[in-house]
Structure formats: structure tokens, C-alpha cells
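Q: What follows is a protein structure lacking sequence information:
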């Protein structure tokens, strides 16, 4: 069994981690960090201390009514993408420990297309 890094747990929620293949389990948010534990394999877990979190990138649809997924960008180890059963509760619990200025919305579909066209035309000059 894996030892938790948290001493006090604020929220536990059913979730999915997108790490190559999808892993189903539980998100645990506590005073020391963000944790994901796989429900089937105890060896598959993700523990991110709050000092390591750089940004929380939120995919917002329908003007904030639907949040399909969110990602946690760390300072050293890359980006981890998650989906939760109740993402608004999870993000409110994260906001207690992460500066709200570091919680940013992801780019929309049209912003990504616009960026691709701009980079395509800049390369030809």
C-alpha cells in the first residue's frame, strides 16, 4: 500500500487519469498535495506536492457550465491530465492551496487553429 503525503484530507472524488491509457481511481486533495490512486493497481499512483504545482489548466466548455478535464502542470515532471466526476468541487479544493492566478483556462479550438495559421505564415517570410 502506498503512503499518502497528506496529513489532512479535504476532498476525495472519483476520477480518471489520462496517462497513456486511462486509469480509473480516486483523487485525494489534502494539506500537503494532490494525489491520484488507481482503484485496481495499487502501484499506479500520482503524488504532486503543492510546492511542485506550476499551473492548473482547466478545459472550460459552455461558458463554465461544463468542465470535461483539467491538467496540472508541474515545475519539473511535465503535465498530468485528469477528469473528475465533480470537477468544480475538485477545482475549488485546489484553489485553496494553489494561487488562483495560476489556474488558467485552456485554449479554445479556434485559438489553436489561429495559432497554427499564424505560425505557418511567419515561417515563410
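A: Cool, got the structure. Note that the coordinates shown come from a computational prediction; the quantities given were computed from them, not determined experimentally.

Q: Run a quick neighbour tally on residue 44.
A: 16 (other C-beta atoms under 10 Å). The C-beta positions use only the backbone N, C-alpha and C, and glycine is treated the same way.

Q: Model confidence for it, exactly?
A: Listed pLDDT for residue 44 reads 88.

Q: And for residue 87?
A: 88.

Q: Next, the contact list for it, please.
A: Going by C-beta atoms under 8 Å, 6 or more residues apart in numbering, residue 87 touches 67-70.

Q: Now a ChimeraX select for only the buried ones of those residues.
A: Buried residues among those (16 or more other C-beta atoms under 10 Å), as a ChimeraX selection:
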select :67,69,70
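
Q: could the contacts of residue 87 go into TSV alongside pLDDT and secondary structure?
A: Converted to TSV, the contacts of residue 87 look like this (pLDDT from 0 to 100; DSSP: H, G, I helix; E, B strand; the rest coil):
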residue	pLDDT	secondary structure
67	83	strand
68	87	strand
69	86	strand
70	90	strand
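
Q: Looking at the contacts of residue 87, which one is closest to residue 41?
A: Of all the contacts of residue 87, residue 41 sits closest to residue 69, with 21.5 Å by C-beta to C-beta.

Q: Give the bridge partners for the closest one, please.
A: Judged by DSSP bridges, the bridge partners of residue 69 are residue 59.
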